[in-house]
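Peer 1: the sequence and its predicted three-dimensional model are supplied below.
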Amino acid sequence: EAGVAQSPRYKIIEKRQSVAFWCNPISGHATLYWYQQILGQGPKLLIQFQNNGVVDDSQLPKDRFSAERLKGVDSTLKIQPAKLEDSAVYLCASSLGRGADTQYFGPGTRLTVL
Amino acid sequence: KQEVTQIPAALSVPEGENLVLNCSFTDSAIYNLQWFRQDPGKGLTSLLLIQSSQREQTSGRLNASLDKSSGRSTLYIAASQPGDSATYLCAVIRGYSSASKIIFGSGTRLSIRP
């Protein structure tokens, strides 16, 4: 079974630039999550999708972050414009969606904002 | 507001020792608790999931316990090996719905010395 795929693996940009991350969840998984993990901290949930609908985006900085999951499969997370404090690893995870079940994580995208 | 704490932040032990990692949470109204492993530069791998009605779960050399009333969970690793070196994170999940809240601790960085 293929795992959660993310790209790119690494990205370096300057502040005020834009960046986008892509995630392909495990086939058949209805729920998709985006997390931000700052060095030395645990992951923080940014947004959770159930199929193509948003069920929780309470911690997403909506003035600069946006995410979509068209057709309920792949998802993109965008930052525009980026700030220095956005430097982090962005993790995508998916689950079957049957309640609070096990999440499967991708390898993450390491973003450095200079 | 739920807070999840993991102490110590880092731990180094010689190979072969048994060890315990600790996780505490402030709100006992959780649905389940998960322990994850994170290797450098990689995503998270789920190790054990304990439902709120359970007291413990076991997988191989790993045993996780849950005491909701005291807000504590422990991960016991028997006969530690160098390959166990990684960061271990616990996460509490609140609710049973597509909008379940998941909150991570900051992790314990474990190093097993050969």
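Peer 2: In hand now; what should we look at? Since this is a predicted model, take the numbers as computed values, not measurements.

Peer 1: residue in chain B nearest to chain A?
Peer 2: B:Phe104 (3.1 Å; CB to the nearest CB). Where C-beta positions appear, they are placed from N, C-alpha and C, glycine not excepted.

Peer 1: for chain B, what are the nearby residues on chain A?
Peer 2: Proximity of chain A to chain B, by CB under 8 Å from any CB of the partner chain, involves residues A:4, A:31, A:33, A:40-45, A:48, A:50, A:55-56, A:91, A:93, A:97, A:99-100, A:102-108, A:110.

Peer 1: PyMOL command for the buried members of these?
Peer 2: Buried subset of those, written as a PyMOL selection, criterion 16 or more other CB atoms under 10 Å in any protein chain shown:
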select buried, chain A and resi 4+31+33+42+43+44+45+48+50+56+91+93+97+100+103+104+105+106+107+108+110
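
Peer 1: the residue of chain B closest to chain A and B:Ser73: what is the separation?
Peer 2: For B:Phe104, the distance to B:Ser73 equals 13 Å [CB to CB, to the nearest Å].

Peer 1: contacts only, for A:Leu45.
Peer 2: A:Tyr33, A:Trp34, A:Tyr35, A:Asp56, A:Gln59, B:Lys101, B:Ile102, B:Ile103 (CB atoms under 8 Å, 6 or more residues apart in numbering or on different chains).

Peer 1: just the ones of the residues you listed in strands?
Peer 2: If you go by DSSP state E, those have A:Tyr33, A:Trp34, A:Tyr35, A:Asp56, B:Lys101, B:Ile102, B:Ile103 in strands.

Peer 1: in the sheet, who's paired with residue 76?
Peer 2: No chain specified, so I'll use chain A. A:Trp22, A:Glu68 (DSSP bridges).

Peer 1: um, chain B though
Peer 2: Going by DSSP bridges, B:Tyr76 forms beta bridges with B:Val20, B:Asn63.

Peer 1: one step back: want to throw the ones in strands among the contacts of A:Leu45 into JSON lines with pLDDT and distance to B:Thr5?
Peer 2: JSON lines is the format used below for those (pLDDT from 0 to 100; distance: CB to CB, whole Å):
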{"residue": "A:Tyr33", "pLDDT": "93", "distance to B:Thr5": "22"}
{"residue": "A:Trp34", "pLDDT": "96", "distance to B:Thr5": "24"}
{"residue": "A:Tyr35", "pLDDT": "96", "distance to B:Thr5": "19"}
{"residue": "A:Asp56", "pLDDT": "88", "distance to B:Thr5": "23"}
{"residue": "B:Lys101", "pLDDT": "78", "distance to B:Thr5": "17"}
{"residue": "B:Ile102", "pLDDT": "85", "distance to B:Thr5": "16"}
{"residue": "B:Ile103", "pLDDT": "90", "distance to B:Thr5": "11"}
